[in-house]
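[1] Requesting a structural model of the entry that follows:
(chains A and B)
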Number of protein chains: 2
Amino acid sequence: MTPSRPDTDQAPAPMNGAESVVRSLHAAGVDVCFANPGTSEMQFVDALDRTGLMRCVLGLFEGVATGAADGYARMASRPAVTLLHLAPGLANAGANMHNARKAKAPMVNIVGDHAIRHRGYDAPLSADVEGAAAPFSDWVRTATSAGSFATDAMEALGAAMSRPNRVATLIAPADIGWDSGGRMAPPPPPPAFAPMEAEALERAAAMLGPDCVMLVGGSVLETPEAVARLQGIAAQTGATLLAPTSNRRFERGAGRAPINRVPYPITMALETLAPFRRAVLIETVPPVAFFAYPGKPSLLLPEGCETLTLAGRDGDGPAAAAALAERLDAAPLVAASERPAPPPAGPITAPALAAAVAHVLPEGAIVVDESISGGRNLWGSTQGAAPHSWISLAGGAIGDGIPLALGAAIACPDRPVLALQADGSAMYTIQGLWSQAREGCNVTTVILANRTYEILKNELFAVGANPGRSALDMLDLDRPHLDFVSLARGMGVPGRRVEDVAELCHVVQAALAEPGPYLVEAVM
Amino acid sequence: MTPSRPDTDQAPAPMNGAESVVRSLHAAGVDVCFANPGTSEMQFVDALDRTGLMRCVLGLFEGVATGAADGYARMASRPAVTLLHLAPGLANAGANMHNARKAKAPMVNIVGDHAIRHRGYDAPLSADVEGAAAPFSDWVRTATSAGSFATDAMEALGAAMSRPNRVATLIAPADIGWDSGGRMAPPPPPPAFAPMEAEALERAAAMLGPDCVMLVGGSVLETPEAVARLQGIAAQTGATLLAPTSNRRFERGAGRAPINRVPYPITMALETLAPFRRAVLIETVPPVAFFAYPGKPSLLLPEGCETLTLAGRDGDGPAAAAALAERLDAAPLVAASERPAPPPAGPITAPALAAAVAHVLPEGAIVVDESISGGRNLWGSTQGAAPHSWISLAGGAIGDGIPLALGAAIACPDRPVLALQADGSAMYTIQGLWSQAREGCNVTTVILANRTYEILKNELFAVGANPGRSALDMLDLDRPHLDFVSLARGMGVPGRRVEDVAELCHVVQAALAEPGPYLVEAVM
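    As a prediction, this is how the structure comes out:
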């Protein structure tokens, strides 16, 4: 984000409300709009068109727009703006707003509403827009006049860029966008970090030891130097370094210090954390189970575990890591790792898939991970792969992967994107493939086609059920098979089905090297 | 709906909360479940499986489940139950809950939430479920114990079946479903009609004349005898009979009295209603414009129009029509109409499409209309087609057509369903085709492929904009073309692309006569 002075000189006068928002956002560094507009947003379509200031990316479904904005923000570290339509459109956008919110990715949504005078009537599309926004937004406001509309937008941007990043939703009655009297507003001030207390540094230093876990999230994981410093501290003190299960982004691979995550399955998570009596947290909170399970706790750290937050989510984690390393005089540590060997030919099992991905990943690639159960071996296998970025589903609302890949590719047009996508989850926002084709994104999507909601079967067995045909029918994706190659072709994305892992390597390597999107259905 | 006594004798003891809900709903006449479950609904998957009491239909996206429940309810005049997952899943379901709510279709949603003890933590999938439900529900409750869970479900069902029908959402913390202590609850009492006042009947009779419009909606449109009575009244008094723009269902076609609707375009709507100084309303409210337009009113009846509600939405419209006909001694009137001739070969224009549909429609067919701009001639052309049911998008949230067709086919397995579907709108819930294939539904979907959000272009021009390339890009669906035949094939639905209207007739006729789904991409 490179805020510049509002270009008031260049702005034509008079300006309507929509144009003042578009110009002010652009002056503050927002130059991409993921849109699924309707009638009540035509003033923005018009303003975006006339000003030519933003790259406009159309999604055929609102969840594509917000998921893409999430992927864009995670890679660009600044928000795009989305353009959405009334309460039902906002609802369609909600699941991926949720994922962005849990990822602490910055997002600014502009949602058109009926004109103010029309809101009192029960028109067909009337519903409570603020109410629909609230569960999936950290900041919600309804604009009230053309003159203050850009100021509202800048406050939304400020909320999105605050520490930690947030999802901000600005609701725009149609008449405010059309009304003249729009005025430029200055960009929000740069976000401030919450300061670290010197006392906390001393306490953290004293807590570190073999019975201590350092849990680190947020921007630490995006900063290889910070992870290397923390691994150095861990090696020196005997403490263990872990990341939360769900995160915004990792910078990782060969030459960068690896880090493990708290496992998703509750039993493994509890086992992993059981040894610890102390926990030092940086840019994260005490870890919580995804779901509640009979006889198992919701909080994953052992009862009575002494917990210290060295830097909160609103703090500067890399600075905290540097201060702690200096305080302990610990040198950064990057374990040596070798590029993985290619897997031998054979069926595409989870381990074979993981080896294939690790082998083919080019330097600078972006991995989008919504692989769910079929990707359980990916994390370990790719620690030594070529350096890459890694973004994954953060809020548990499946259907983020295809849009995340779209947004990441828009943010980083020169980097190949490899999207590892579970089949069941892919169907929630499959429409995103069309936008990838339209924008010419170099995204290679690998569908992990196990033809089942495998993870739900595990959950069903985990609670002791003995499922019959009817239950399994609700968790199986066969009958009929989903033919993802046909689906992709229908949206302008070429593709191929593969059943052998050696062929998978070959096809994915070729697709990553070519421009434009490609889809590989990997039958597992 | 045929409520029966709860089968307490057959229910095994002890029963968990989920089973008590499934058994009580079934005893009250609910025997179809449209599901997109997740971990927090596994207790329902288990209970549905063990009891075998309901037909379970899986959707690959939540909007498919709620749209199908809408279509089912509109045709069956009783609700199915949906099974949804947490706040993001509920958000995905929201747009078609909105459409059902505006259609006044009965719907009962059961939405799993985290276990009560887990809700205090900020788990990845945590969000405000009640908040997400409220904008798209008429009734919302969170269950609090296994013992009262079935009672909550019966109150939800009662709310859904009240007059007018409503969307009821019951939120179910996971532990309540698993806990033993579930108890059967008796079905809700049958819904009561609001009584009609004798004075209103006299006033209505006195108001009727050439300057009076009778606006009638709800169950009147589902009752051909009622429409015939009202047309008889119109003929006798010189009044005009009209239906609202958006409705739950029509029973129409040859041998049934035709009725026109208030047009969607604001200018046409105002012109249509301009002549009237009096309005008598039955099961509807004064009509409102879809959107607000500069210089045009929100309310469509002329200012100062005297308005009388003979029967409200909570009243018995057909009884009101009968009472009024008796009071005026007016005989029912059904205008004679001929079955339309087949269109000559040629390109698939809007009028040619309309003629084709009117010609091929078999008796007893169900038409699902989400044709938007490409279907503008359909209504008139099909007045004389073979008798059929007609359901259409009621809340303006596009993406209801494919699921509506699925639900209608489940409700009426012996009747062919013809879904007339705009291409842009189709992409919001395209996943519904897979459920049509899985369930073997006889749905013939005709995609009206004009490859644009045509209606939005109209809206943009209507507000005086002069759109450039960037604006048109956000309203065009080419680049790349959507290949709906490939999309359908990917979900197990065979299909074909046609460009000539004679071929369209031939293909649609054959598809309607065959079991199972089929998709025709009609290039317009």
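[2] any idea how far A:Glu454 lies from A:Ala471?
    Separation of A:Glu454 from A:Ala471 (C-beta to C-beta, to the nearest Å) stands at 14 Å. To be clear about C-beta, it is placed using only N, CA and C from the backbone, and glycine gets the same treatment.
[3] ok, is the helix or strand hosting A:Arg497 in contact with chain B or not?
    Applying DSSP states H and E as the criterion places A:Arg497 in strand A:495-498. No - residues of strand A:495-498 are not located near chain B by C-beta under 8 Å from any C-beta of the partner chain, the shortest gap being 10.3 Å.
[4] Then stretch A:295-302?
    Yes - on the criterion C-beta under 8 Å from any C-beta, stretch A:295-302 is in touch with chain B at A:Ser298, A:Leu299.
[5] I'd like to check what contacts that stretch. Which residues are they?
    Stretch A:295-302 is contacted from outside by A:213, A:262, A:266-267, A:269-270, A:273-274, A:276-277, A:279, A:286-289, A:292, A:303, A:307, B:117-118, B:120-121, B:123, using C-beta atoms under 8 Å, 6 or more residues apart in numbering or on different chains.
[6] on that earlier part again, more neighbours: A:Glu454 and A:Ala471, which one.
    A:Ala471 (24 against 21; other C-beta atoms under 10 Å in any protein chain shown).
[7] Check which helix or strand A:Gly399 maps to.
    Remark: A:Gly399 resides in no helix or strand, with elements defined by DSSP H and E.
[8] Now A:Ile391: phi and psi?
    Reported as degrees, to the nearest 10, the phi and psi values for A:Ile391 are phi -120, psi 140.
[9] quick one: the nearest residue to A:Glu459 once chain neighbours are set aside from A:Ala292, how far?
    Nearest residue to A:Glu459, sequence neighbours excluded (C-beta to C-beta, 6 or more residues apart in numbering or on different chains): B:Thr39, at 4.5 Å. For B:Thr39, the distance to A:Ala292 (C-beta to C-beta) stands at 10 Å.
[10] Could you pull up the residues touching the residue nearest to A:Glu459?
    So B:Thr39 contacts A:Phe290, A:Phe291, A:Ile455, A:Leu456, A:Glu459, B:His85, B:Gly112, B:Ala174 (C-beta under 8 Å, 6+ apart).
[11] tell me the SS of A:Arg82?
    I think there's a mix-up here, since residue A:82 is Thr and not Arg. Following DSSP: H, G, I helix; E, B strand; the rest coil, the label given to A:Thr82 is strand.
[12] Could I get the contacting residues of it?
    With contact set as C-beta under 8 Å, 6+ apart, A:Thr82 has these partners: A:Cys33, A:Phe34, A:Ala35, A:Asn36, A:Ala65, A:Thr66, A:Ala69, A:Ala93, A:Met107, A:Val108, A:Asn109, A:Ile110.
[13] and the last one, that one's in a helix?
    No - secondary structure assignment (three-state DSSP) places A:Ile110 in strand, not in a helix.
[14] thinking it is in contact with A:Leu170, fair?
    Yes - the criterion here is C-beta atoms under 8 Å, and A:Ile110 meets it with A:Leu170 at 5.4 Å.
[15] neighbour count winner among these two?
    A:Ile110 (28 against 25).
[16] The more buried one bridge partners, please.
    A:Ile110 has these beta-bridge partners by DSSP bridges: A:Leu83, A:Leu170.
[17] Filter the contacts of stretch A:295-302 down to the buried ones, ChimeraX style.
    Remark: buried members of the contacts of stretch A:295-302, expressed as a ChimeraX selection using 16 or more other C-beta atoms under 10 Å in any protein chain shown:
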select /A:213,262,266,269,270,273,276,279,286,287,288,289,292,307 /B:118,121,123
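[18] quick one: which of the contacts of stretch A:295-302 sit in strands?
    A:Val213, A:Ala279, A:Thr307 (DSSP state E).
[19] How far does stretch A:245-265 stretch from one end to the other?
    10 Å (C-alpha to C-alpha, to the nearest Å).
[20] And the residue of the stretch 201-350 of chain A closest to chain B?
    Proximity of the stretch 201-350 of chain A to chain B (C-beta to the nearest C-beta) peaks at A:Ala292, 3.6 Å away.
[21] Thought B:His118 was touching that residue, still the case?
    Yes - in this structure, A:Ala292 is within contact of B:His118 by C-beta under 8 Å, at 3.6 Å.
[22] hey, what's in contact with both of B:Thr39 and A:Ala292?
    Counting by C-beta under 8 Å, 6+ apart, the shared contacts of B:Thr39 and A:Ala292 are B:Ala174.
[23] Just the angle for the longest helix along chain A relative to helix B:86-103, thanks.
    Counting by DSSP state H, the longest helix found in chain A is helix A:86-103. With axes from the mean of the first three to the mean of the last three C-alpha atoms, to 10 degrees applied, the angle from helix A:86-103 to helix B:86-103 works out at 180 degrees.
[24] Does helix A:86-103 reach chain B?
    Yes - using C-beta under 8 Å from any C-beta, helix A:86-103 reaches chain B at A:Leu86, A:Ala87, A:Pro88, A:Gly89, A:Ala91, A:Asn92, A:Ala93, A:Gly94, A:Ala95, A:His98, A:Asn99, A:Lys102.
[25] can I get the residues you listed in a markdown table with pLDDT?
    Compiled in a markdown table, the residues of helix A:86-103 next to chain B are given as follows (pLDDT from 0 to 100):
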| residue | pLDDT |
| --- | --- |
| A:Leu86 | 96 |
| A:Ala87 | 97 |
| A:Pro88 | 98 |
| A:Gly89 | 97 |
| A:Ala91 | 98 |
| A:Asn92 | 98 |
| A:Ala93 | 98 |
| A:Gly94 | 98 |
| A:Ala95 | 98 |
| A:His98 | 98 |
| A:Asn99 | 98 |
| A:Lys102 | 98 |
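[26] in the worst-scoring helix or strand of chain A on mean pLDDT, what's buried?
    Lowest by mean pLDDT, DSSP states H and E among the helices and strands of chain A is helix A:454-462, with a mean of 79. The neighbour-count check on helix A:454-462 (16+ other C-beta under 10 Å) flags A:Glu454, A:Ile455, A:Leu456, A:Lys457, A:Glu459, A:Leu460, A:Ala462 as buried.
[27] From chain B, how far off is the last one?
    In other words, A:Ala462. As judged by C-beta to the nearest C-beta, to the nearest Å, A:Ala462 and chain B stand 9 Å apart.
[28] again, but for the third one
    The span separating A:Leu456 from chain B equals 7 Å under the rule C-beta to the nearest C-beta.
[29] is it true that that residue touches B:Pro37?
    Yes - between A:Leu456 and B:Pro37 there is a contact at 7.2 Å, judged by C-beta under 8 Å.
[30] which ones are touching A:Met54?
    Taking C-beta under 8 Å, 6+ apart as the criterion, A:Met54 is in contact with A:Val22, A:Leu25, A:His26, A:Val30, A:Asp31, A:Val32, A:Cys33, A:Leu48, A:Val81.
[31] make it 10 Å
    Contacts for A:Met54 (C-beta atoms under 10 Å, 6 or more residues apart in numbering or on different chains) come out as A:22, A:25-26, A:30-33, A:35, A:44, A:47-48, A:80-81, A:83, B:470.
[32] Name the nearest residue to it, ignoring sequence neighbours.
    Nearest non-adjacent residue to A:Met54, counting by C-beta to C-beta, 6+ apart: A:Cys33, 4.7 Å away.
[33] what's around that neighbour, how many residues?
    Residues near A:Cys33, counting by other C-beta under 10 Å, number 28.
[34] Where does it sit: helix, strand or coil?
    Assignment for A:Cys33 (three-state DSSP): strand.
[35] mind checking how far it is from A:Glu439?
    Here the criterion is C-beta to C-beta. By it, A:Cys33 lies 13 Å from A:Glu439.
[36] Understood, closing this out.
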